[in-house]
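Enquirer: Next comes the sequence, and after it the predicted model I'd like to discuss.
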Amino acid sequence: MSETIDDEPRNDNYGFHSIGNNAGDLVSGSDEDFSKYLLDRMKQLESRNTLLKEQCGQMESEKRFMESQKLKYERESHRLQTELDQLKSVPLVVANVVDVFDDDKVLIRSSTGPQFLVKASLELDKDMLAPGARVALNQQTLAVVEIIPESDEPVVSAMEVIDSQEVDYSQIGGLDDQIREISESVELPLTRPESFVRIGISPPKGVMLYGPPGTGKTLLAKAVAHRTHATFIRVVGSELVQKYIGDGAKLVRDIFEMARKKAPAIIFIDELDAIAATRLNDTNGADREVQRTLMQLLAEMDGFDNRGDVRIIAATNRPDVLDPAIIRPGRFDRVIEISLPDQIGRETIFRIHTDRLSIDDDVDHAKLAKLTEGASGADIGAIVMEAGMFAVRQNNDSISMSNLLEAVDKVMSSPDVITDQSLQMFS
Ligand SMILES: Nc1ncnc2c1ncn2[C@@H]1O[C@H](COP(=O)(O)OP(=O)(O)OP(=O)(O)O)[C@@H](O)[C@H]1O
């Protein structure tokens with residue numbers, strides 16, 4: 001096969017003239033010239049070879065780039081196709097599980113309110129399919145096809161007091177015994193759990209604070225959270241009473257779940273009586289829902305490890321209506337009365353509330369305490385606030401005793417102040 005030396009005719013300087021593309025075509029010349037010629041040709045061919053190798057390298061990298069681009073576009077096309085399929089799929093209906101039965105039947109309540117008895121897909125995790133769970137239904141058959149993962153419901157995370165105020169025991173007057181009791185029941189299990197393990201006793205699972213409004217129950221719970229650097233999750237009982245079936249129980253589950261995630265944590269359930277009033281036998285739908293929520297609370301309390309770092313404190317103004325089941329041992333087994341402050345307590349609370357204010361030197365806290373028999377800590381706080389407003393109105397630089405006396409008259413004559421007969425329920 002004739003070997004092509006080069007693909008262009010050439011004009012070389014050695015007395016040779018090519019008459020074709022083959023070596024045999026060279027016109028003869030001297031041997032020396034011929035070897036020079038060959039050397040030159042070899043260099044030319046070497047540089048051409050180098051050039052071709054570079055071009056080949058470039059084409060290789062272009063080929064790799066094109067292949068990667070092809071892969072990238074194939075992936076993008078697959079993603080868009082999947083998205084298109086999903087967008088074309090029929091939207092699912094969201095509902096809540098009311099009850100689950102053995103034969104894969106589920107009683108659900110749609111967001112608009114009606115209830116349906118439907119089939120549940122066999123692929124679903126039966127443990128997750130519990131009353132209160134949120135599920136997605138096929139639009140045609142209403143069959144349960146998905147369980148919507150529980151997320152931090154905004155309403156639950158909104159309950160966490162993330163920036164719990166810098167409340168300390170020193171800002172609470174007239175409750176020294178109660179502070180000691182709550183410190184033993186809540187603070188020590190969080191700060192010195194090993195003491196309970198060493199002695200072999202379990203700390204109280206839940207602490208119930210009861211007493212008239214405005215006596216410092218919430219304040220105490222916040223102070224404990226501050227002392228233990230625990231996440232303070234405040235839940236108001238009435239907020240657990242939800243409109244739809246199962247939502248209250250689900251809220252309780254979410255709250256305990258969040259507390260475990262955010263441990264050490266203190267769950268403070270204010271107005272516990274809103275869900276823990278005595279269970280009535282003859283109940284209508286709404287009471288049944290409240291009971292379901294209460295049962296969930298009891299189940300969570302029975303289920304959780306009381307040596308763990310989640311503590312529960314509840315507060316109520318209505319101990320007389322509480323279901324006895326809620327305060328049996330193993331539930332709220334430490335009950336602490338937060339009573340109205342006595343004379344000395346009121347004087348202390350007056351000092352606490354005026355401590356950071358500009359007041360005249362002649363302010364007599366003992367006299368103010370004598371004049372406010374039956375006032376709660378909140379009433380005393382209101383008196384000091386009113387006195388401050390009077391001083392501002394008179395453009396004074398500080399609060400005078402007369403401002404405080406005027407405020408005592410105003411607040412103590414207000415219908416909100418606890419009277420003797422309303423205290424009967426706490427006796
Ligand atoms: N013992 C106290 N010492 C100092 N301040 C108090 C005391 N009790 C109440 N206060 C004042 O009253 C305010 C309300 O108190 P707190 O919210 O703790 O009352 P509560 O018992 O939880 O009321 P409720 O039962 O209505 O929820 C407090 O922020 C504080 O300013």
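Expert: Sure thing, it's come through.

Enquirer: and the stretch 151-300 of the chain, which residues reach the ligand?
Expert: Applying Cβ under 6 Å from any ligand atom, we find that the stretch 151-300 of the chain lies next to the ligand at Ile172, Gly173, Gly174, Leu175, Pro213, Gly214, Thr215, Gly216, Lys217, Thr218, Leu219, Asp270. Heads up, the C-betas are built off the backbone N, CA and C, glycines and all.

Enquirer: Whichever residue of the chain sits closest to the ligand: what's it in contact with?
Expert: Proximity of the chain to the ligand (Cβ to the nearest ligand atom) peaks at Gly377, 2.2 Å away. Each residue near Gly377 by Cβ atoms under 8 Å, 6 or more residues apart in numbering is listed here: Ile172, Gly173, Gly174, Gly214, Thr215, Gly216, Leu219, Pro341, Ile349.

Enquirer: Provide the secondary structure category for the closest residue to Asp333 other than its chain neighbours.
Expert: Leaving aside its sequence neighbours, Asp333 sits nearest to Pro204 (Cβ to Cβ, 6 or more residues apart in numbering; 4.9 Å). Taking DSSP: H, G, I helix; E, B strand; the rest coil as the rule, one finds Pro204 in the coil state.

Enquirer: Where do the strands of the chain begin and end?
Expert: 93-100, 105-110, 115-119, 134-137, 144-147, 160-161, 206-210, 231-236, 265-270, 310-316, 334-337 (DSSP state E).

Enquirer: which residues sit in contact with the residue nearest to Gly388 when sequence neighbours are not counted?
Expert: Distances taken as Cβ to Cβ, 6+ apart place Ile399 nearest to Gly388, at 5.7 Å, with adjacent residues excluded. Residues counted as contacts of Ile399 (Cβ under 8 Å, 6+ apart) are Thr354, Leu357, Ser358, Ile359, Asp360, Val363, Val384, Ala387, Gly388, Phe390, Ala391.

Enquirer: Leu405 too?
Expert: The neighbourhood of Leu405, defined by Cβ under 8 Å, 6+ apart, consists of Leu368, Leu371.

Enquirer: thinking again about what came up before, closest one to Val186 among the strands of the chain?
Expert: Proximity to Val186 (Cβ to Cβ) singles out strand 310-316 among these, at 4.8 Å.

Enquirer: That closest one pairs with which strands, parallel or anti?
Expert: Strands adjacent to strand 310-316 in the sheet, as given by DSSP bridges, are strand 206-210 (parallel), strand 265-270 (parallel).

Enquirer: Please identify the buried residues of stretch 220-234?
Expert: Neighbour-count burial for stretch 220-234 flags 220-228, 230-234 (criterion: 16 or more other Cβ atoms under 10 Å).

Enquirer: Return the subset of those residues lying in helices.
Expert: Among these, the members found in helices (DSSP state H) are Leu220, Ala221, Lys222, Ala223, Val224, Ala225, His226, Arg227, Thr228.

Enquirer: quick one: the second one and Ala265 touch, right?
Expert: No - taking Cβ atoms under 8 Å as the contact criterion, Ala221 and Ala265 are not neighbours in contact, 11.9 Å apart.

Enquirer: Now do the shared contacts for those two.
Expert: Residues touching both Ala221 and Ala265 by Cβ under 8 Å, 6+ apart: Phe232.

Enquirer: if we can go back for a sec, is there a quick ChimeraX command that grabs whichever of the contacts of Ile399 are buried?
Expert: Restricted to buried positions by 16+ other Cβ under 10 Å, the ChimeraX selection for the contacts of Ile399 reads:
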select :354,359,363,384,387,388,390,391
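
Enquirer: quick check, nearest of the contacts of Ile399 to Met258?
Expert: Nearest to Met258 among these: Val384, at 36.0 Å, using Cβ to Cβ.

Enquirer: With adjacent residues omitted, what lies nearest to the closest one?
Expert: Using Cβ to Cβ, 6+ apart and skipping residues adjacent in sequence, the residue nearest Val384 is His353, 4.2 Å away.

Enquirer: Likewise for Leu137?
Expert: Ranked by Cβ to Cβ, 6+ apart and with sequence neighbours excluded, the top spatial neighbour of Leu137 is Val93, at 4.3 Å.

Enquirer: What ranges does the stretch 1-150 of the chain have for its helices?
Expert: 31-88 (DSSP state H, counting those that start in this stretch).

Enquirer: where are the low-confidence patches of it?
Expert: Applying pLDDT under 70 to the stretch 1-150 of the chain picks out residues 1-29, 86-90, 111-113, 150.

Enquirer: need the contacts of Gly377 in TSV with pLDDT, can you?
Expert: Shown next, in TSV, are the contacts of Gly377 (pLDDT from 0 to 100):
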residue	pLDDT
Ile172	96
Gly173	96
Gly174	95
Gly214	95
Thr215	96
Gly216	95
Leu219	93
Pro341	97
Ile349	97
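
Enquirer: Now list the buried members of those.
Expert: Buried, going by 16+ other Cβ under 10 Å: Ile172, Gly173, Gly174, Gly214, Thr215, Gly216, Leu219, Pro341, Ile349, out of the contacts of Gly377.

Enquirer: do you know how far the fourth one is from Phe196?
Expert: Counting by Cβ to Cβ, to the nearest Å, the gap between Gly214 and Phe196 amounts to 33 Å.

Enquirer: If you drop the residues flanking it in sequence, what lies closest to Ala315?
Expert: With sequence-adjacent residues excluded and distances taken as Cβ to Cβ, 6+ apart, Ala315 is closest to Lys217, at 3.9 Å.

Enquirer: confidence score at that neighbour?
Expert: Predicted confidence (pLDDT) for Lys217: 95.

Enquirer: Could you pull up the residues touching it?
Expert: Contact analysis of Lys217 by Cβ under 8 Å, 6+ apart lists Leu209, Tyr210, Gly211, Asp270, Ala315, Ile338.

Enquirer: do that again at 6 Å, thanks
Expert: Lys217 makes contacts with Leu209, Ala315, Ile338, as judged by Cβ atoms under 6 Å, 6 or more residues apart in numbering.

Enquirer: hmm, back to that, mind checking which of the contacts of Ile399 land in helices?
Expert: Counting by DSSP H, the contacts of Ile399 place Thr354, Val384, Ala387, Gly388, Phe390, Ala391 in helices.

Enquirer: per-residue pLDDT, Ile162?
Expert: At Ile162 the predicted local distance difference test score is 63.

Enquirer: got the domain boundaries for the protein?
Expert: Annotated domains of the chain cover 34-89, 90-147, 156-337, 343-413 [the TED database].

Enquirer: if we can go back for a sec, pipe the ones in helices among the contacts of Ile399 into CSV and attach pLDDT and distance to Met412 per row.
Expert: CSV is the format used below for the ones in helices among the contacts of Ile399 (pLDDT from 0 to 100; distance: Cβ to Cβ, whole Å):
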residue, pLDDT, distance to Met412
Thr354, 96, 17
Val384, 96, 13
Ala387, 96, 13
Gly388, 95, 17
Phe390, 95, 15
Ala391, 95, 19
